[in-house]
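Asks: sequence plus predicted model, see below.
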Amino acid sequence: MGKTGIGDRKSQARDEAMQSLTLTWGEYYEVREELGVWRAVRLGNGRTLIGKTPAELRSAIIRDYSEERHPR
């Protein structure tokens, strides 16, 4: 398969990851990806979380959300 096929799959995977993060966390975070860096900005306090991958960002969001809801 040529580069176009691989690029299409990467684009589709990126779109699916963005959709999943937005559907799950969009009420609490503004999620975006720019130049391969995944960011989530917490609505209300502006805290910015960064991940190299969607999974890494998801983990950061879960930690942040848990800490915000259940401070220690």
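Replies: Done, it's in. As the structure is a computational prediction, the values presented were derived from the model and not from experiment. Numbering: from 1, shown residues only.

Asks: from now on I want contacts and neighbour counts done on CA atoms only, so please keep to that.
Replies: OK.

Asks: strands of the protein, start to end?
Replies: For the chain, the strands defined by DSSP state E cover 29-34, 37-42, 48-51.

Asks: counting contacts, what elements does the first one pack onto?
Replies: Pointing back at strand 29-34 there. Counting contacts by 3 or more C-alpha pairs under 8 Å, 6 or more residues apart in numbering; DSSP states H and E, strand 29-34 packs against helix 3-25, strand 37-42.

Asks: and the first one, what does it pack against?
Replies: In terms of contact count using 3+ C-alpha pairs under 8 Å, 6+ apart, helix 3-25 is assigned the packing partners strand 29-34, helix 54-69.

Asks: same thing but at 6 Å, please
Replies: Helices and strands touching helix 3-25, as assessed by 3 or more C-alpha pairs under 6 Å, 6 or more residues apart in numbering; DSSP states H and E, are absent.

Asks: what angle do strand 37-42 and that helix make with each other?
Replies: 20 degrees (axes from the mean of the first three to the mean of the last three C-alpha atoms, to 10 degrees).

Asks: relative to the whole chain's centre, how far out is helix 3-25?
Replies: 11 Å (C-alpha atoms, centre = their mean, to the nearest Å).

Asks: quick one: it to helix 54-69, angle?
Replies: Using the same axes, to 10 degrees: helix 3-25 against helix 54-69 is 10 degrees.

Asks: output helix 3-25 as PDB, restricted to C-alpha atoms.
Replies: What follows is helix 3-25, C-alpha atoms only, in PDB (Å, rounded to 0.1, in the frame of the first residue of the first chain):
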ATOM      1  CA  LYS A   3       1.900   6.500   1.400                       C
ATOM      2  CA  THR A   4      -1.700   7.700   0.700                       C
ATOM      3  CA  GLY A   5      -3.200   4.700   2.300                       C
ATOM      4  CA  ILE A   6      -1.000   5.000   5.400                       C
ATOM      5  CA  GLY A   7      -1.700   8.700   5.700                       C
ATOM      6  CA  ASP A   8      -5.400   8.000   5.400                       C
ATOM      7  CA  ARG A   9      -5.200   5.500   8.200                       C
ATOM      8  CA  LYS A  10      -3.200   7.800  10.400                       C
ATOM      9  CA  SER A  11      -5.700  10.600   9.700                       C
ATOM     10  CA  GLN A  12      -8.600   8.300  10.500                       C
ATOM     11  CA  ALA A  13      -7.000   7.100  13.700                       C
ATOM     12  CA  ARG A  14      -6.300  10.700  14.700                       C
ATOM     13  CA  ASP A  15      -9.900  11.700  14.000                       C
ATOM     14  CA  GLU A  16     -11.300   8.700  16.000                       C
ATOM     15  CA  ALA A  17      -9.000   9.500  18.900                       C
ATOM     16  CA  MET A  18     -10.100  13.200  18.900                       C
ATOM     17  CA  GLN A  19     -13.800  12.200  18.700                       C
ATOM     18  CA  SER A  20     -13.400   9.700  21.600                       C
ATOM     19  CA  LEU A  21     -11.600  12.300  23.800                       C
ATOM     20  CA  THR A  22     -14.100  15.000  22.900                       C
ATOM     21  CA  LEU A  23     -17.100  12.900  23.500                       C
ATOM     22  CA  THR A  24     -15.800  11.600  26.800                       C
ATOM     23  CA  TRP A  25     -14.200  14.700  28.200                       C
END
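
Asks: right, I'll call it a day here.
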